[in-house]
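>>> Take a look and give me a structure for this.
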Amino acid sequence: MSVIERAYFSGGCFWCTEAIYKRLKGVLDVKPGFSGGNIKNPSYKEVCTGRTGHAETVEVIFDSSQIDFQLLLEVFFKTHDPTTINRQGNDIGTHYRSIVFYSNSKQKELVTNYIDFLNNKIYDNKIVTEIVEFDKFYEAESYHENYYELNKTQPYCDLVITPKVEKFEKNFKNKLIID
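Just a heads-up that it's a prediction; the model follows:
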């Protein structure tokens with residue numbers, strides 16, 4: 001039986017994060033947007049100023065009978081650098097910070113335990129990913145939706161997103177949607 005759930009992740013540019021999660025079996029939809037700030041209905045331009053408190057975030061809508069939150073976490077931490085504050089590569093600013101938004105106590109416990117595991121066994125540098133209770137998600141303007149698929153030849157997509165997607169597909173090939 002299908003159980004539809006939502007998860008919210010901020011891991012740098014939402015174009016990258018959206019492109020990755022859209023490829024997973026059990027993920028029904030991914031929406032780019034903003035969360036974690038104090039301004040209602042922010043625009044992309046406003047968020048990029050760094051004055052809204054929001055981070056670029058994706059809403060992942062998934063069928064938990066096909067994919068679980070733990071795998072979504074694993075993908076999140078393996079597809080961005082959770083040890084850098086307010087940046088991913090050349091993308092710099094508070095709106096690029098690393099955050100997992102939890103919706104319930106089980107998600108919070110899974111995130112906390114997974115970060116503890118990664119800090120103790122995997123990473124030399126401490127993980128700086130914020131663990132924040134989910135409050136509100138604001139969808140980004142429509143031109144951000146499916147950005148990578150529609151703009152693969154753009155330099156940012158070609159130089160930044162494509163290598164991330166290729167690495168993800170190699171590492172999670174048994175979890176991908178087969179076209």
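>>> Check which helices and strands the longest helix along the chain sits against.
Looking across the chain with DSSP state H, the single longest helix is helix 105-121. Under the contact criterion of 3 or more Cβ pairs under 8 Å, 6 or more residues apart in numbering; DSSP states H and E, helix 105-121 touches helix 69-78, strand 98-102, strand 130-133. C-beta coordinates here come from the backbone N, C-alpha and C atoms, glycine included.
>>> Now with 10 Å, please.
In this structure, helix 105-121 makes packing contacts with strand 4-11, helix 69-78, strand 98-102, strand 130-133, judged by 3 or more Cβ pairs under 10 Å, 6 or more residues apart in numbering; DSSP states H and E.
>>> Render the CA-only coordinates of it in CSV, please.
Output in CSV follows, covering the C-alpha atoms of helix 105-121 (Å, rounded to 0.1, in the frame of the first residue of the first chain):
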residue,chain,number,x,y,z
SER,A,105,10.6,12.6,15.9
LYS,A,106,11.5,9.5,13.9
GLN,A,107,13.0,11.6,11.1
LYS,A,108,14.9,13.7,13.7
GLU,A,109,16.3,10.6,15.3
LEU,A,110,17.3,9.1,11.9
VAL,A,111,19.1,12.3,10.9
THR,A,112,20.9,12.7,14.3
ASN,A,113,22.0,9.0,14.3
TYR,A,114,23.2,9.1,10.7
ILE,A,115,25.2,12.3,11.3
ASP,A,116,26.8,10.8,14.4
PHE,A,117,27.7,7.7,12.3
LEU,A,118,29.2,9.9,9.6
ASN,A,119,31.2,12.0,12.0
ASN,A,120,32.6,9.0,13.8
LYS,A,121,33.3,6.7,10.8
